[in-house]
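J.: Take this sequence and fold it.
(chains A and B)
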Amino acid sequence: MANRRGGGQGQPPSVSPSPGSSGSLSTDRTCTHNICMVSDFFYPNMGGVESHIYQLSQCLIERGHKVITVTHAYGNRKGVRYLTNGLKVYYLPLRVMYNQSTATTLFHSLPLLRYIFVRERITIIHSHSSFSAMAHDALFHAKTMGLQTVFTDHSLFGFADVSSVLTNKLLTVSLCDTNHIICVSYTSKENTVLRAALNPEIVSVIPNAVDPTDFTPEPFRRHDSVITVVVVSRLVYRKGTDLLSGIIPELCQKYQELNFLIGGEGPKRIILEEVRERYQLHDRVQLLGALEHKDVRNVLVQGHIFLNTSLTEAFCMAIVEAASCGLQVVSTKVGGIPEVLPENLIILCEPSVKSLCEGLEKAIFQVKSGTLPAPENIHNVVKTFYTWRNVAERTEKVYERVSKESVLPMHKRLDRLISHCGPVTGYIFALLAVLSYLFLIFLQWMTPDSVIDVAIDATGPRRAWTHQWPRDKKRDENDKVSKSR
Amino acid sequence: MCAQHVADTSEVKWQKVLYERQPFPDNYVDQRFLEELRKNIYARKYQYWAVVFESSVVIQQLCSVCVFVVIWWYMDEGLLAPQWLFGTGLASSLVGYVLFDLIDGGDGRKKSGRTRWADLKSTLVFITFTYGFSPVLKTLTESVSTDTIYAMSVFMLLGHLIFFDYGANAAIVSSTLSLNMAIFASVCLASRLPRSLHAFIMVTFAIQIFALWPMLQKKLKAYTPRSYVGVTLLFAFSAFGGLLSISGVGAILFALLLFSISCLCPYYLIHLQLFKENIHGPWDEAEIKEDLSRFLS
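T.: Numbers count the residues shown, from 1 in each chain, chains lettered A, B, ... in the order given. Have a look, this model is predicted:
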């Protein structure tokens, strides 16, 4: 279901490796890994982390690795599912606490996760998103079980308020003995290094990617008698919807030929509706509501200028997608955004109505005078920047490096926790680590590893999932096969 | 990007951009790492005497509580006639009322649009009701033991001090709750006085010292800081003197408390500023500084 939604026709959104390519790619590598992606956020939930995990997994499968994904149950979607190319997804029956994140006790998920790690012969645990409790749980258990760990951080955090002080402390604990950390931008790396007090050498920067074939320009779709500004984001405070509500009346009064096309839903939608009501802009400001991922491109290509008003952003896929569709991007200069696009493709502004209006006016002037490069040219430049295959290649290097490292034995792990996380927190978590180790020994006594069945590999070097199957006939099975064992 | 290209690093300069494939490993740490980190950019420099001056708000409130308890003790012992307290209270209230308007030249009154007639009405209503209900106040807590009343009063007065609006912008501040707790304490204590007239005058006095006096103080502090310092000193000494007449040890402890709050705590605060490490950088969430409501009004 999820990837149907993403790709439209039951195909994965971007990567559909041809049967031939995988063979040639996997020859030049020495070893393959059994990787387990863990996060609370996965399809059918939609978002940046979800598509990141999916696309990265697909590319790693293409490169001959064995990849499985573990997440929590979404509604009646529980148990084991197979997605395209045999990506096996475990939807675990854990209770969701808040914002699709599970509750954590550090112990209750150990039996289930241990079963999966043993069954699948996992060697590397790759957790995603610092908001996901399950990701941190999995890191904790993996270290107890002596498995290699990698963590990808997708978000930025402040340091000022109480909640961030607490989450940063937990992150310190969770990452102090993790083998390697991946961040999506250099700003995000600086942030994570500071938050978790890490050695920057074990933090790699691997950006997100977008699929350029999904975001192609189509200049004929836009009306050249007007200038259309497109905004696609969730309408929430952090995405700067308040700024947008100031920009719209300011510029609509100045430029009669200016239209706004706004895609997305959220609690701040009401203020945009108020602005539209008050300034009588119903014919010029269109609110499209929530967009499905496949519709984003069709909205983007209708515009000349893309406006991003985020107040904080680690990477910002939206501006890359827009630039890939050939739009001139105007964005706030926050977080990792200045790193994402070269100066000639983006107009950076301070996060204020005045500065953003100036940036937009500059872009409008360029559109009017025709000095903008053709959408096709912009697309051709942008499509070389970020690809999932490149991300997978670089992530593979991280796995390679991690697999050569040794996991800290128990006594060293306790030392690290106590010396690294402060006197109080350190001792508490050292105690918890000991308890979880005892719990693990108990579980191993109850059901020894040798008793646990080994799962059939759907992907990886000895994959059971073959490409010879006629795809269109077996599409349903390709999409989701509920397999018990 | 690849480890084997590290040799090139001397010629090629690392850039903080993601769109270019650079000849550095992904975990490369440049010299420019964290160069945009800023520390304590919003930290305030404190002046010792300014902090001491600000601490007077706390001193005033402590003294108010102390004076209130001392007066209650005198009434309870029968050393202070209620009529005399009522007279003094009324006179000082009138002086305060006149001062309240004189200090800012009547600006505050014009702004709030409140007439003197309205003030007089609410005063009369309050006095009538308190007088009418004072027999009820007197017998209200008869079934409760005196120890409980004392304990409750202590907690309520402490609560009053904790939740009082000293001018800090914190979630714990609630002037309504603070005033209610003080009045509750006064009702508790008043119910232990010999007659209902005593109870009536005690509650009236509580309103004067916990509700009206801080309002006057605030204005004094804003418009005539010098006289405010004088008033605070005078008030502190009278509270100390009152307490001294009851208990020497208590008075000394009280004086020590006032001294440490007004002199030692400011010193400690300034000393602690040296350890402040507030970090800022490009990852901070941007703040919207403009007033955006103008677009909707």
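J.: Can I get the least confident helix or strand in chain B by mean pLDDT in PDB, CA atoms only?
T.: Taking mean pLDDT, DSSP states H and E as the measure, chain B has helix B:107-112 as its least confident helix or strand, at a mean of 81. The C-alpha trace of helix B:107-112 is given here as PDB (Å, rounded to 0.1, in the frame of the first residue of the first chain):
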ATOM      1  CA  ASP B 107      -1.500  59.200  34.400                       C
ATOM      2  CA  GLY B 108      -2.400  55.700  35.600                       C
ATOM      3  CA  ARG B 109      -5.800  56.800  36.600                       C
ATOM      4  CA  LYS B 110      -6.500  58.400  33.200                       C
ATOM      5  CA  LYS B 111      -5.300  55.300  31.500                       C
ATOM      6  CA  SER B 112      -7.500  52.900  33.500                       C
END
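J.: My guess is residue B:206 contacts residue B:181. True?
T.: No - here residue B:206 does not reach residue B:181: they are 11.1 Å apart, not a contact under CB atoms under 8 Å. For every residue, glycine as well, the C-beta is placed using N, CA and C.
J.: picking up where we left off before, contacting residues around the least confident helix or strand of chain B?
T.: Taking CB atoms under 8 Å, 6 or more residues apart in numbering or on different chains as the criterion, the residues outside helix B:107-112 that touch it are B:100-101, B:219.
J.: Go again with 7 Å.
T.: Contacts of helix B:107-112 with the rest of the structure, by CB atoms under 7 Å, 6 or more residues apart in numbering or on different chains, involve residue B:101.
J.: Can I get the helix or strand residue B:97 falls within in PDB, CA atoms only?
T.: With elements taken from DSSP states H and E, the one containing residue B:97 is helix B:82-103. The C-alpha coordinates for helix B:82-103 follow below in PDB (Å, rounded to 0.1, in the frame of the first residue of the first chain):
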ATOM      1  CA  PRO B  82      -8.200  46.900  67.400                       C
ATOM      2  CA  GLN B  83      -9.600  50.400  67.100                       C
ATOM      3  CA  TRP B  84      -6.100  51.800  67.200                       C
ATOM      4  CA  LEU B  85      -5.000  49.500  64.300                       C
ATOM      5  CA  PHE B  86      -8.100  50.300  62.300                       C
ATOM      6  CA  GLY B  87      -7.400  54.000  62.800                       C
ATOM      7  CA  THR B  88      -3.700  53.800  61.800                       C
ATOM      8  CA  GLY B  89      -4.600  51.500  58.900                       C
ATOM      9  CA  LEU B  90      -7.200  53.800  57.600                       C
ATOM     10  CA  ALA B  91      -5.000  56.900  57.900                       C
ATOM     11  CA  SER B  92      -2.000  55.200  56.100                       C
ATOM     12  CA  SER B  93      -4.400  53.900  53.400                       C
ATOM     13  CA  LEU B  94      -5.600  57.400  52.800                       C
ATOM     14  CA  VAL B  95      -2.000  58.800  52.600                       C
ATOM     15  CA  GLY B  96      -1.100  55.900  50.300                       C
ATOM     16  CA  TYR B  97      -4.200  56.600  48.100                       C
ATOM     17  CA  VAL B  98      -3.200  60.200  47.700                       C
ATOM     18  CA  LEU B  99       0.400  59.300  47.000                       C
ATOM     19  CA  PHE B 100      -0.700  56.700  44.400                       C
ATOM     20  CA  ASP B 101      -2.100  59.400  42.300                       C
ATOM     21  CA  LEU B 102       0.500  62.000  43.000                       C
ATOM     22  CA  ILE B 103       3.500  60.000  42.000                       C
END
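J.: can you pull the contacts of residue 177?
T.: You didn't pick a chain, so chain A it is. Taking CB under 7 Å, 6+ apart as the contact definition, residue A:177 lies against A:143, A:408, A:413, A:416.
J.: try chain B instead
T.: residue B:163.
J.: just to revisit the earlier point, can you tell me which one of the contacts of residue A:177 sits lowest on pLDDT?
T.: Within the contacts of residue A:177, pLDDT reaches its minimum at residue A:408, with 88.
J.: For the closest residue to it other than its chain neighbours, what are phi and psi?
T.: Closest residue in space to residue A:408, ignoring its immediate chain neighbours: residue A:177 at 5.4 Å, by CB to CB, 6 or more residues apart in numbering or on different chains. When read as degrees, to the nearest 10, the backbone of residue A:177 gives phi -120, psi 20.
J.: which stretches of chain B form helices?
T.: For chain B, helices defined by DSSP state H occupy the ranges B:48-77, B:82-103, B:107-112, B:116-140, B:146-163, B:175-190, B:196-207, B:213-223, B:225-246, B:248-259, B:265-272.
J.: The stretch 351-485 of chain A now?
T.: For the stretch 351-485 of chain A, the helices defined by DSSP state H, counting those that start in this stretch cover A:353-369, A:375-382, A:388-404, A:410-420, A:423-446, A:475-479.
J.: can I get the ones you listed in JSON lines with distance to chain B?
T.: Listed next are those as JSON lines, based on distance: least, CB to the nearest CB, whole Å:
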{"stretch": "helix A:353-369", "distance to chain B": "6"}
{"stretch": "helix A:375-382", "distance to chain B": "8"}
{"stretch": "helix A:388-404", "distance to chain B": "6"}
{"stretch": "helix A:410-420", "distance to chain B": "18"}
{"stretch": "helix A:423-446", "distance to chain B": "17"}
{"stretch": "helix A:475-479", "distance to chain B": "33"}
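J.: Generate a markdown table for those, with mean neighbour count as supplementary columns.
T.: What follows is the helices of the stretch 351-485 of chain A, written out as a markdown table (neighbours: other CB atoms under 10 Å in any protein chain shown):
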| stretch | mean neighbour count |
| --- | --- |
| helix A:353-369 | 17 |
| helix A:375-382 | 18 |
| helix A:388-404 | 19 |
| helix A:410-420 | 16 |
| helix A:423-446 | 15 |
| helix A:475-479 | 15 |
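J.: how about these in TSV, adding distance to residue A:285?
T.: What follows is the helices of the stretch 351-485 of chain A, written out as TSV (distance: least, CB to CB, whole Å):
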stretch	distance to residue A:285
helix A:353-369	14
helix A:375-382	23
helix A:388-404	35
helix A:410-420	52
helix A:423-446	50
helix A:475-479	39
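J.: before we move on, back to that, mind giving me the packing neighbours of the helix holding residue B:97?
T.: Using 3 or more CB pairs under 7 Å, 6 or more residues apart in numbering or on different chains; DSSP states H and E, the elements in contact with helix B:82-103 are helix B:196-207, helix B:213-223.
J.: and those helices as a markdown table, adding distance to residue B:248, mean pLDDT and mean neighbour count?
T.: Below are the helices and strands packed on helix B:82-103 laid out as a markdown table (distance: least, CB to CB, whole Å; pLDDT from 0 to 100; neighbours: other CB atoms under 10 Å in any protein chain shown):
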| stretch | distance to residue B:248 | mean pLDDT | mean neighbour count |
| --- | --- | --- | --- |
| helix B:196-207 | 25 | 92 | 23 |
| helix B:213-223 | 27 | 91 | 17 |
